[in-house]
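One predicted model, sequence on top.
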Amino acid sequence: MKFIFTILMISISSISFAQYEGQTIRDAIKEAMEFEEYENAVKMYPHLFECDLGDEKYAYYYDFAFAQFNINNFDEATNLIFKALEIEKENLDYKWVKSSSYYLLSSISSKKGLINEKLKYLKRAVEYERDSGYLSTLGLLYLKLNKLDKALECLNEAIEVKIDNAYAYNNRALVYIKLREFKNAKTDIQKSIELDNKNSYAYKNEAILYYYQNEFTLACKSLNKAKKMGFSAVDIDTVKIEKHCGND
């Protein structure tokens, strides 16, 4: 079956997609994107742009960029994003394309380690859409930059927009820990776990909270639980906790 599929793919790749109706190409690309077959999608997108896409072309530029991003073709993705950003206000997809494109640029900047660029593009994304996920990511970045007031503002709004955003509660808990507002931090961690009890980072944050309250045994217990759930990152706080766990 694998051999037959390989022959089929070779046959398809040798055909000029221009001979097909645009909708057929759209369906093929849509299926590839849904199954995260980004390399196949990237091969097909140029043929799609041979069709008359009208006002939809800007959304497709973004989609093409997203596929390129997912196979680590960051420069190609960036070029496509700037084409998508040429969309005019009258276009029905204007706000979606603008916000999604700037968010993708922030993700590319993050991959390249360009923190200031990431911040700039995240702020632009939020200007066009007050999306809970965007606001949560922006809040976390402000937290990492130790801009706690701005972090709290973004995370508060993220929760207002989407009351069941476990990610936002979890990150807001970290802000509260840094502000030494431990009661609020505990409430947020509990809410985050209630919404998503498989998030290892919530238990990691719970460990940090216990650590700053000098509850070292409980801190070790929560950190071990986080590790069993797949948490493996190392930061200053987890290193401090580990020292106490080693003495238990």
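Perfect, thanks for sending it. Just so it is clear, the model here is predicted, and its values are computed rather than measured. Residues are numbered from 1 along each chain as shown.

now for the helix ranked longest in the chain, which elements pack on it?
When secondary structure is assigned using DSSP state H, the longest helix within the chain turns out to be helix 94-111. Under the contact criterion of 3 or more Cβ pairs under 8 Å, 6 or more residues apart in numbering; DSSP states H and E, helix 94-111 touches helix 57-70, helix 74-84, helix 115-128, helix 132-144. All C-beta spots, glycine's among them, are computed from the backbone N, C-alpha and C.

what's the average pLDDT for the first one?
Looking back up the chat, that one is helix 57-70. Helix 57-70 shows an average pLDDT of 98 in the prediction.

Give the buried residues for the longest helix of the chain.
Applying a neighbour-count criterion of 16 or more other Cβ atoms under 10 Å, one finds 96-110 buried in helix 94-111.

same question, stretch 42-62
By neighbour count with 16+ other Cβ under 10 Å, stretch 42-62 contains the buried residues 42-45, 47-48, 51, 56-62.

any low-confidence regions in this structure?
Scanning the chain for pLDDT under 70 picks out 1-23, 246-248.

In the record's domain split, what are the boundaries for it?
Residue ranges for the domains of the chain, per automatic domain parsing: 130-178, 198-248.

Quick check: which of the ones you listed is buried the most?
Ranked by mean neighbour count, those are led by domain 130-178 with a mean of 21 (mean count of other Cβ atoms under 10 Å).

still on that earlier bit, do you know which of the domains of the chain lies nearest Arg26?
Distances from Arg26 to each of the domains of the chain were compared using Cβ to Cβ; the minimum, 25.4 Å, belongs to domain 130-178.

follow-up on the earlier one: pull the distance from the longest helix of the chain to the chain's centre.
10 Å (Cα atoms, centre = their mean, to the nearest Å).

ok, and what's touching that helix?
58-59, 62, 65-66, 69, 72, 74, 77-78, 81, 84-85, 87-88, 91, 115, 117-122, 124-129, 131, 134, 137 (Cβ atoms under 8 Å, 6 or more residues apart in numbering).

thinking again about what came up before, out of the buried residues of stretch 42-62, who's nearest Ile177?
Of the buried residues of stretch 42-62, the one sitting nearest to Ile177 (Cβ to Cβ) turns out to be Tyr62, at 36.9 Å.

State the number of residues packed around the nearest residue to the closest one once chain neighbours are set aside.
Once its chain neighbours are removed from consideration, Tyr62 has its nearest residue in Ala84; the separation is 4.3 Å (Cβ to Cβ, 6 or more residues apart in numbering). For Ala84, the tally of surrounding residues (other Cβ atoms under 10 Å) stands at 24.

now swap in Lys123 and tell me
By the other Cβ under 10 Å criterion, the neighbourhood of Lys123 contains 15 residues.

same thing with Asp93?
15.

measure Tyr134 to Leu148 for me?
Between Tyr134 and Leu148 the computed distance is 19 Å (Cβ to Cβ, to the nearest Å).

Next, work out how far apart Gly54 and Lys147 are.
As for Gly54, its distance to Lys147 is 43 Å (criterion: Cβ to Cβ).

ignore the last one, Tyr102
Computed with Cβ to Cβ, the distance linking Tyr102 and Lys147 is 20 Å.

Can you name the element that comes right after the helix or strand that contains Lys221?
Counting by DSSP states H and E, the element that carries Lys221 is helix 216-228. Sequence-wise, the next helix or strand downstream of helix 216-228 (DSSP H and E) is helix 236-245.

Show me what that following helix is packed against.
Counting contacts by 3+ Cβ pairs under 8 Å, 6+ apart, the secondary-structure elements packed against helix 236-245 are helix 200-212, helix 216-228.

got a markdown table for the ones you listed, with distance to Asn156 too?
What follows is the helices and strands packed on helix 236-245, written out as a markdown table (distance: least, Cβ to Cβ, whole Å):
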| stretch | distance to Asn156 |
| --- | --- |
| helix 200-212 | 17 |
| helix 216-228 | 25 |
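
So for Lys240, which of those helices sits nearest?
With Cβ to Cβ, the closest approach to Lys240 among these belongs to helix 200-212: 6.4 Å.
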